[in-house]
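# Could you look at this predicted model? Sequence included:
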Amino acid sequence: MTPSRLSLVLLAVLALPAQGANEFYCCQSPQTTRRVCGDTLPPACRAQAYRVYDRAGNPIRDVAPPPSAEEKQALIEAAQQQKRDEENQREQRRRDQALLDTYALPADIDMAQKKTENDIQFAIQAAQSRIEATLQRRRKLDNEVEFYKKRSLPPELERDMKALNHEIQLQQELIAVKEGELRQIRDKYTVDRQRYQELTGRRPAGSQRPR
């Protein structure tokens, strides 16, 4: 649209009843490719970009078109991601403060790890001792089982052997669980120690800064 044509459109809009408005709106019609203006936002402008003018015909601002469905979804996902990031940051600050409240010195981390590992090792040793005691009881029954090598085992003997085997299996499973806990504990304290050093700059005695 030429400047003279736009001026005529603006003059026509200015000649409309004011209706209490101090601005009017113009956009290019997608159907006719001509400029459409009005005291209120014309229907043709609601789905696309438009420009706002004051009553003197001076441009005030440009309004972007409403987002598409894909853009809306992208905005929603971005907002959700931002919320998750903020929650993660709050949680990290909470963990950091708990770490600093728990350990006054780097050596406190070492002592806490040692105590926790000792408790787990004690449970492992107890399970191993129980396995050994159960094996000794089973060896005594093995002699009786050998006696019935070519015959069916008495129900009581068969029941005792199954109970002993089950006990051994349970203790072996307990040991596997505790060994897994031991690995997790070591990983946890390694992470705690590293984060503590990042927050305070303090290092355990004897440790060296990387060159």
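It's in. Numbers count the residues shown, from 1 in each chain.
# just checking, residue 29 touches residue 43?
No - between residue 29 and residue 43 there is no contact, the gap being 9.8 Å when judged by CB atoms under 8 Å. In this view, the C-beta of every residue, glycine as well, is placed from N, C-alpha and C.
# The two: which is more packed in?
Between residue 29 and residue 43, counted using other CB atoms under 10 Å, the more crowded position is residue 29 (14 against 10).
# ok, now how distant is that one from residue 51?
From residue 29 over to residue 51 the distance is 14 Å, taken as CB to CB, to the nearest Å.
# likewise residue 63?
Separation of residue 63 from residue 51 (CB to CB): 7 Å.
# do the same with residue 168
Per CB to CB, residue 168 is found 84 Å from residue 51.
# Then residue 201?
Distance from residue 201 to residue 51, by CB to CB: 56 Å.
# ok, those two, which is more surrounded?
The residue with more neighbours, out of residue 201 and residue 51, is residue 51; 17 against 7, by other CB under 10 Å.
# Next, show the common contact partners of residue 29 and residue 43.
Shared contacts of residue 29 and residue 43, defined by CB atoms under 8 Å, 6 or more residues apart in numbering, are absent.
# For burial, what's the neighbour tally of residue 58?
Other residues within reach of residue 58 by the criterion other CB under 10 Å amount to 9.
# Also residue 120?
Counted with other CB under 10 Å, the neighbours of residue 120 add up to 17.
# quick one: contacts for it?
Under the contact definition (CB under 8 Å, 6+ apart), the residues listed for residue 120 are 178, 181, 182, 185.
# by contact count, what packs against whichever strand or helix holds residue 161?
According to DSSP states H and E, residue 161 maps onto helix 155-200. Using 3 or more CB pairs under 8 Å, 6 or more residues apart in numbering; DSSP states H and E as the contact criterion, the neighbours of helix 155-200 among helices and strands are helix 69-102, helix 106-147.
# Tell me where the model's unsure across this protein.
In the prediction, the chain carries residues with pLDDT under 70 at positions 1-21, 144-148, 150-151, 204-211.
# on that earlier part again, compare the contacts of residue 120 and tell me which has the most neighbours.
For the contacts of residue 120, neighbours tallied by other CB under 10 Å; top is residue 178, 18 neighbours.
# Tell me the buried residues in stretch 126-135?
By neighbour count, with 16 or more other CB atoms under 10 Å as the criterion, the buried positions of stretch 126-135 are 127, 130, 131, 134.
# whoops, stretch 184-191 was the one
With the criterion 16+ other CB under 10 Å, stretch 184-191 contains buried residues 185, 189.
# Just the CA trace of it, in PDB.
Coordinates of each C-alpha in stretch 184-191 appear next as PDB, following Å, rounded to 0.1, in the frame of the first residue of the first chain:
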ATOM      1  CA  GLN A 184      26.700 -47.300  47.400                       C
ATOM      2  CA  ILE A 185      28.000 -45.900  50.700                       C
ATOM      3  CA  ARG A 186      31.500 -45.400  49.300                       C
ATOM      4  CA  ASP A 187      30.100 -43.700  46.200                       C
ATOM      5  CA  LYS A 188      27.900 -41.400  48.400                       C
ATOM      6  CA  TYR A 189      30.800 -40.300  50.600                       C
ATOM      7  CA  THR A 190      33.000 -39.700  47.600                       C
ATOM      8  CA  VAL A 191      30.300 -37.400  46.200                       C
END
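# what's next to it, contact-wise?
Taking contacts as CB under 8 Å, 6+ apart, the residues outside stretch 184-191 that touch it are 109, 112, 113, 116, 117, 120.
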